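Enquirer: Have a look; sequence and predicted model below, questions after that.
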Amino acid sequence: DSNQPLAMTLAAFGHPGLRFVGLGLAASAFWGASDFLGGLATRKAHVVMVVALAHSLSLGMLLLIALFSHSSVVSAHFALIGLCAGAFGGVALLLYYQALSLGEMGITTALTGLLTALVPVVYSFFTQGSPKSSQILGFVLAAAAIALIAYKPAGAPRPLALGLATLAGEIGRASCRGRV
């Protein structure tokens, strides 16, 4: 049945112990859809306009949620960290969408995702110790998947796309850490 993944996701939201699974699946779906649609949009419109529109809509939603949830006001220090992380994230997204608009989607997404994922992996290594064998197997499978996605039999990808993807991943790592 084609509706089974959706039904499982909705069921996970209702179960207190599995709510994180539903939220994770929903986040993955939204991230994937936004990357795909952003990449398509940059083929028709200028990348700066696409990123400016995306960030404006995100900021508007954030402010609405903060207003209606009666969130407390954050300190100036944390507001500055959030502002810097958002700015670095915007620059990373700009570079990422520019690389996608060059048509090198497979290598761009694989390389950017790999570089951005280094933050939680390295952090976990230092805070929780060496990975378990099942986690190492997950790393190997992820590396194999990236290699399969990035494989291009018709020749090498454009250096500009590789450079933009690398910069997007590195800047994305900086924004995830909340550092400038």
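Expert: Done, it's in.
Enquirer: in the one helix or strand residue 34 maps to, what's buried?
Expert: Assessed by DSSP states H and E, residue 34 sits inside helix 19-44. Neighbour-count burial for helix 19-44 flags 22, 25, 35, 38-39, 41-42 (criterion: 16 or more other Cβ atoms under 10 Å). In this view, the C-beta of every residue, glycine as well, is placed from N, C-alpha and C.
Enquirer: Please apply the same query to stretch 83-96.
Expert: Quick answer for stretch 83-96 (16+ other Cβ under 10 Å): 85, 88-96.
Enquirer: which residue is nearest the middle of this protein?
Expert: residue 31 (6.1 Å; Cα atoms, centre = their mean).
Enquirer: burial count for residue 98?
Expert: Residue 98 has 22 neighbours, counted by other Cβ atoms under 10 Å.
Enquirer: As a check, name the ranges of all strands in the protein.
Expert: Using DSSP state E, no strands are found in the chain.
Enquirer: circling back: output the buried residues of helix 19-44 in JSON lines; the columns should cover pLDDT and distance to residue 140.
Expert: Listed next are the buried residues of helix 19-44 as JSON lines, based on pLDDT from 0 to 100; distance: Cβ to Cβ, whole Å:
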{"residue": "22", "pLDDT": "72", "distance to residue 140": "28"}
{"residue": "25", "pLDDT": "77", "distance to residue 140": "23"}
{"residue": "35", "pLDDT": "78", "distance to residue 140": "24"}
{"residue": "38", "pLDDT": "82", "distance to residue 140": "30"}
{"residue": "39", "pLDDT": "77", "distance to residue 140": "28"}
{"residue": "41", "pLDDT": "85", "distance to residue 140": "35"}
{"residue": "42", "pLDDT": "82", "distance to residue 140": "33"}
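Enquirer: Which of those residues sits closest to residue 130?
Expert: Nearest to residue 130, judged by Cβ to Cβ, of those is residue 25 at 28.4 Å.
Enquirer: pLDDT value on residue 76, please?
Expert: Predicted confidence (pLDDT) for residue 76: 90.
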